[in-house]
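> Dropping the sequence and predicted coords here.
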Amino acid sequence: MSAPSPAAPAPSPVVVWLRDLIRKPFFWGIVAIVALLLLNVVKDPAYLAITVNPANGNLVGNLIDIMRSSAPVLMIAVGMSLVIATGGIDLSVGSVMAVAGAVSMEFLKYAGDSASIGVAFSALGLALLVSAAVGAFNGFLVAYVGLQPFISTLVMMLAGRGLAKVITSGQNTAASNEPFRWIANGYVLGLPVVFLLALVLVIAAGLVVRRSALGLMIEAIGINPRASRMAGIQPKGLLLTVYILSGLLAGVAGIFSVATVMTVDVTRTGSQMELDAILAVVIGGTSLAGGKFSVGGAAIGALLIATLDKTVLFLGVSSSATPAFKAIVIVVLCLLQSQRVRSWFTSRRASGGPGGGAGTRSAGDPPPSGGGGDGGADPGAHTVSSGDGAAASSPGGAGLASDVEAKEVAA
Amino acid sequence: MAEPAPVVEMRGISIEFPGVKALDEVGFRLFPGEVHALMGENGAGKSTLIKALTGVYPIDSGTILVEGEQRRFHGTADAQSAGISTVYQEVNLVTNLTIGENVMLGHEVRGPFGVNWRATHRAATEALARLHLDHLDTHRPLSTLSIAVQQLVAISRAMAIDAKVLILDEPTSSLDAAEVDRLFTVMRQLRDEGVAILFVSHFLDQVFEISDRLTVLRNGQFICERRKEELSRQELIAQMIGKDLETLSSLGGNRRAGETEGEREEPLLTAVGVGRRGAIEPTDLEIRPGEIVGFAGLLGSGRTELARLLYGADKADSGTITLRGRKTTLKNPADGLKRRIAFSTENRRDEGVVGDLTVRENLILAVQAGRGWARPVPKRERDEIVSTRMSELNVRPADPDRLIKNLSGGNQQKVLLGRWLATDPDLLILDEPTRGIDVGAKAEIQEAVAELAAQGVAVVFISSELEEVVRLSDRIVVLKDHRKIGEIVNGPEVTAQMIVDLIAAHGADTHHPSPPPPAQPAGNQPLSARSTSAPADPAVSETTEEQS
């Protein structure tokens, strides 16, 4: 009872902001990224060091590598988060990456002219067009034919890779084009172009989704399609849009990944990337059942996956143990996010106090905004408090993810 | 008199949610062989009390005694094993399992080789037989049944678990009069067998018809417990809302008695031969601006089906709809919305609220849908919609950022009404807007409807409570067996009884040519067929007459 309560005076904005951040589902994703980086630092204290390459002024270091390698998964995770929010799933993104890679490499190879910016743009445009078409086909099957998203995109996942092989006649086509190669290997302001591009696209997607009503409508049809229809929302066009967006972003991811080596490997480009994207979305706090989603959260998830991949390499985990290592990290993360596990922890903490049941009560007592922390102890309250966590947003708005979230309310 | 020991006794129960004291030292007793009605407005704490008793919510303080023994429920399974069985307000069944599986879910008959399905279905049939539902094929999926029959199945399910205490939370809200009658027969039978029944309903007549004892809650507090004989209807309502019922009586049937001033105006909507196979036969209809048109008829008479065609929720396969003098086709709800028609569904949970969105988002959803995703409603406009609708309709709690699924049913309904009002409709179709809503909210909604009509909005008003239809409507369209059988211009001399008589008489006239319409799916047919023949009528008159 006599527990001193530091929260008694009005909490400072920083405290409020932190508390909101902690309640975000992707908070543990950020924690995991930091933890992995720390693990690397333990192995090599200089891990985080970033140096400037004196020759060209570019930044060099492990963090820069992580940024660069995160670009493709960032792209598909954003697209996937939209698709999953509608209650669907897009298994074809990995194959679309291969298709986009194949189209661009073939085009560059036949166009020749390895210095032409025009050729590079044409390759880009063509690859994106084909990716969007594949996405549109998915969307058509889901929205207009009424197939299950899992089935439609599974078909596309198999057919897409076949298509990529047809395009390159089964070869791993290589090509050379400097402007195209620059996308993945160039630097602007010392940072890799590919990461900056990915960042811009993530923010753009976040803004489009939250500044327009697209996000609201996607969530509505993901939560209750029948009620949404009765409210006048036309789900077909929305679904088509979302699958096209997912295809387009997968195409961008494909370009990012082939431009690095200027070769498309039709069997391995984008292989199993759909699973990474789904994981990233889940880590970002979007339920696979659809509904509430967070583009920022998916981006955090994607960054975590990239960090994880690099960490596995850096720690020298044998390649056969890599999947298991990844799995452990992700399982722990999902457990930490689980409402049930959290309320189990909080209720243990609460009942550990001297006052038994009354202790729980007094912890839940402070004003509504502060009650969420321990409110999870009783089932009635925890649905409410989790809702508050999702709806309330941080006034501070620092950092990429919370920034995008904050727009939602500000708009 | 010497009363038997209560089978359930709750003492000093308190439950608190963040910011709300849902129950404050509430006491409650339930005796064997008695139907006990729990009364109170929305948010009075009825549902919370039930959830405490069924182990859904842990109680913060107080004790629960079952047969004299103190119990602590850590979940619904604890309560069930103590013999407390519940049927919730919204049907909680698995629609894509079979009827038999639903009835026996968790209590399947097990043999040496796992579940003995044949015995399970036999047991299910027996359980159903207690409600005279043994004609149902237990192997058919539940989804083939109408909501009303699903409700009865849910009750069968609750009773399959030899319960000492049966809790029925709004069991009658989706039943028509004949079904209610049947349910009451079963309830009396169970009561006579010694089962204690806790009954929650917003239909006062039903409460007075079936219950032996009443407990009234208000704002989470215990107000009184009386035997039925000791409490008049007026007293009960006064106890529930905590003041005299001037608001209610002032609404009494003086709705533009017999006036026909609107008759000369051009109709807003004209339907000629509009129908849909298996739902509603071709129907003619005219609706004028500022007019309230009531659709009266039993559940399943086609009143909802007709309304859905007028909005575009279903597409008509015959006939033409002319709107403001121009022919239109309504292919989907978006078409209806675009033409300034709004439709508030009777199926609030599945077709109304978007549960995981906030009240704010639910309020603006239709307006936003009308604009398309690319043109978001400006923030100022959104704030205005939210603040005006929430205060106008008195939505509680007045927090627009709460998830709508955490609101009580009545307040969800108000939010939905607000959603449609925000679209500024010319024609507002309200299908059972007052179902499962307490007297106070009901009056508020009725008032809002009358006011809208006064402003020139055409309203289609559908309700199972004929009294309500008669009180509000200028004109009443009477439907039966998926057909419009008549139209009554409302006036002082029109009573609910007249409508009942019309439905009954029509049934007698057309007895031979068309018994149950053959186009219907067989699943829910027996019920509606039964309800339209003889036994329905006395029941309807009973519920409607006693009110005045």
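Right, received. Where do you want to start? As the structure is a prediction and not an experimental result, all values here were calculated from the model.

> what's the closest non-adjacent residue to the one residue in the stretch 201-350 of chain B that gets nearest to chain A?
For the stretch 201-350 of chain B, the nearest residue to chain A under the criterion Cβ to the nearest Cβ is B:L337, separated by 3.7 Å. C-beta coordinates here come from the backbone N, C-alpha and C atoms, glycine included. Leaving aside its sequence neighbours, B:L337 sits nearest to A:G232 (Cβ to Cβ, 6 or more residues apart in numbering or on different chains; 3.7 Å).

> Can you classify B:R122 by secondary structure?
For B:R122, the assignment made with DSSP: H, G, I helix; E, B strand; the rest coil gives helix.

> What are the boundaries of the helices in the stretch 201-350 of chain B?
B:204-210, B:233-241, B:246-250, B:303-311, B:333-338 (DSSP state H, counting those that start in this stretch).

> if we can go back for a sec, figure out the helix or strand that the residue nearest to B:L337 lives in.
In this assignment (DSSP states H and E), A:G232 forms part of neither any helix nor any strand.

> Check the burial of it by counting its neighbours.
26 (other Cβ atoms under 10 Å in any protein chain shown).

> tell me which parts of the stretch 301-450 of chain B are close to chain A?
B:313, B:332-334, B:336-338, B:343, B:345, B:350-358, B:361, B:365-366, B:368-377, B:379, B:401-403, B:405-406, B:419 (Cβ under 8 Å from any Cβ of the partner chain).

> quick one: which of those sit in helices?
Mapping those onto helices (DSSP state H) picks out B:333-334, B:336-338, B:361, B:365-366, B:368-371, B:379, B:419.

> What's the PyMOL syntax to select whichever of the residues you listed are buried?
Selection of buried members from these for PyMOL, criterion 16 or more other Cβ atoms under 10 Å in any protein chain shown:
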select buried, chain B and resi 333+334+336+337+338+361+365+366+368+369+370+419
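
> how many neighbours does the residue lying closest to B:D317 once chain neighbours are set aside have?
Spatial nearest neighbour of B:D317, excluding adjacent residues (Cβ to Cβ, 6+ apart): B:R276 at 5.3 Å. When counting by other Cβ under 10 Å, one arrives at 21 neighbours for B:R276.

> what pLDDT does B:R276 get?
The score at B:R276 is 90. That number is its pLDDT.

> So in terms of bridging, what pairs with it?
Listed beta-bridge partners, B:R276: B:I280 (assigned using DSSP bridges).

> The helix or strand that contains A:S131: what's the following helix or strand?
Here A:S131 sits within helix A:117-139, counting by DSSP H and E. Proceeding N to C from helix A:117-139, the next assigned helix or strand is helix A:149-167, under DSSP H and E.

> Could you tell me how far whichever helix or strand comes after that following helix lies from the centre of the chain?
Following helix A:149-167 in sequence order, the next helix or strand is helix A:178-185 (DSSP H and E). Here helix A:178-185 is found 24 Å from its chain centre; the criterion is Cα atoms, centre = their mean, to the nearest Å.

> where in the stretch 251-400 of chain A is pLDDT low?
Within the stretch 251-400 of chain A, the segments meeting pLDDT under 70 span A:337, A:346-400.

> Now do the same for the single nearest residue of the stretch 151-300 of chain A relative to chain B: its pLDDT.
Distances between the stretch 151-300 of chain A and chain B by Cβ to the nearest Cβ are smallest at A:G232, namely 3.7 Å. We note a pLDDT of 92 for A:G232 in this prediction.

> do you know how far it is from B:E381?
According to Cβ to Cβ, to the nearest Å, A:G232 stands 17 Å off from B:E381.

> got it, and B:E432?
From B:E432 over to B:E381 (counting by Cβ to Cβ), the distance is 30 Å.

> okay, those two: which has more neighbours?
B:E432 (24 against 13).

> Give me the nearest residue to that one, chain neighbours excluded.
Nearest residue to B:E432, sequence neighbours excluded (Cβ to Cβ, 6+ apart): B:E346, at 3.9 Å.

> Backbone torsions only: list them for the one you found.
Backbone torsions for B:E346, taken as degrees, to the nearest 10, come to phi -80, psi -20.

> next one: the one 10 residues further on
The phi/psi pair for B:D356 (degrees, to the nearest 10) reads phi -90, psi 0.

> okay, it: pLDDT?
89.

> Show the contacting residues for it.
By Cβ atoms under 8 Å, 6 or more residues apart in numbering or on different chains, the contact set of B:D356 is A:E219, A:I223, A:G291, A:K292, A:G387, B:L403, B:K405.

> what do you get if the cut-off is 6 Å, keeping everything else the same?
Shown in contact with B:D356 (Cβ atoms under 6 Å, 6 or more residues apart in numbering or on different chains): A:I223, A:G291, A:K292.

> Show me which of those is closest to B:A443.
Distance to B:A443, by Cβ to Cβ, is smallest for A:I223 among the contacts of B:D356, at 31.5 Å.

> Please work out how many residues are found near that closest one.
23.

> How about the one 10 residues further on?
By the measure other Cβ under 10 Å, the count of residues near A:I233 is 29.

> Excluding covalently adjacent residues, which one is nearest to it?
Sequence neighbours aside, B:A369 is the residue nearest to A:I233 in space, at 4.4 Å (criterion: Cβ to Cβ, 6+ apart).

> packing partners for the one helix or strand B:G100 maps to?
Per DSSP H and E: B:G100 is located in helix B:99-104. Under the contact definition 3 or more Cβ pairs under 6 Å, 6 or more residues apart in numbering or on different chains; DSSP states H and E, helix B:99-104 sits against helix B:117-129, helix B:147-160.

> Restricting to C-alpha, output that helix in PDB.
Only the C-alpha atoms of helix B:99-104 are listed here, as PDB (Å, rounded to 0.1, in the frame of the first residue of the first chain):
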ATOM      1  CA  ILE B  99     -26.400 -28.400 -35.600                       C
ATOM      2  CA  GLY B 100     -25.700 -31.500 -33.600                       C
ATOM      3  CA  GLU B 101     -22.000 -30.600 -33.100                       C
ATOM      4  CA  ASN B 102     -23.100 -27.200 -31.900                       C
ATOM      5  CA  VAL B 103     -25.500 -28.600 -29.400                       C
ATOM      6  CA  MET B 104     -23.000 -31.100 -28.000                       C
END
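
> Show me the contact partners of it.
Residues contacting helix B:99-104 (Cβ under 6 Å, 6+ apart): B:93-94, B:120-121, B:124, B:127, B:136, B:138, B:140, B:142, B:156-157, B:160.

> Please check those residues and keep the buried ones.
Using 16+ other Cβ under 10 Å, the buried members of those are B:L93, B:T120, B:H121, B:A124, B:A127, B:L136, B:T138, B:L142, B:S156, B:R157, B:A160.

> Just name the closest of the contacts of helix B:99-104 to A:L207, please.
So of the contacts of helix B:99-104, ranked by how close each gets to A:L207 (Cβ to Cβ), first place is B:V94, at 41.0 Å.

> coming back round to it: could you double-check that the residue nearest to B:D317 lies in contact with B:S318?
No - in this structure, B:R276 is not within contact of B:S318 by Cβ atoms under 6 Å, at 7.5 Å.

> Skip the chain neighbours and tell me the closest residue to A:S257.
A:P72 (4.7 Å).

> so who does the closest residue to chain A within the stretch 351-500 of chain B touch?
Residue of the stretch 351-500 of chain B nearest chain A, by Cβ to the nearest Cβ: B:A369 (3.7 Å). The contact partners of B:A369, by Cβ under 6 Å, 6+ apart, come to A:A231, A:G232, A:I233.

> What distance do you get for the residue sitting furthest away from the middle of chain B to chain A?
Distance from the C-alpha centroid of chain B, by Cα atoms, centre = their mean, peaks at B:P112 (43.4 Å). From B:P112 over to chain A the distance is 35 Å, taken as Cβ to the nearest Cβ, to the nearest Å.

> gap between that residue and A:S116?
Per Cβ to Cβ, B:P112 is found 78 Å from A:S116.
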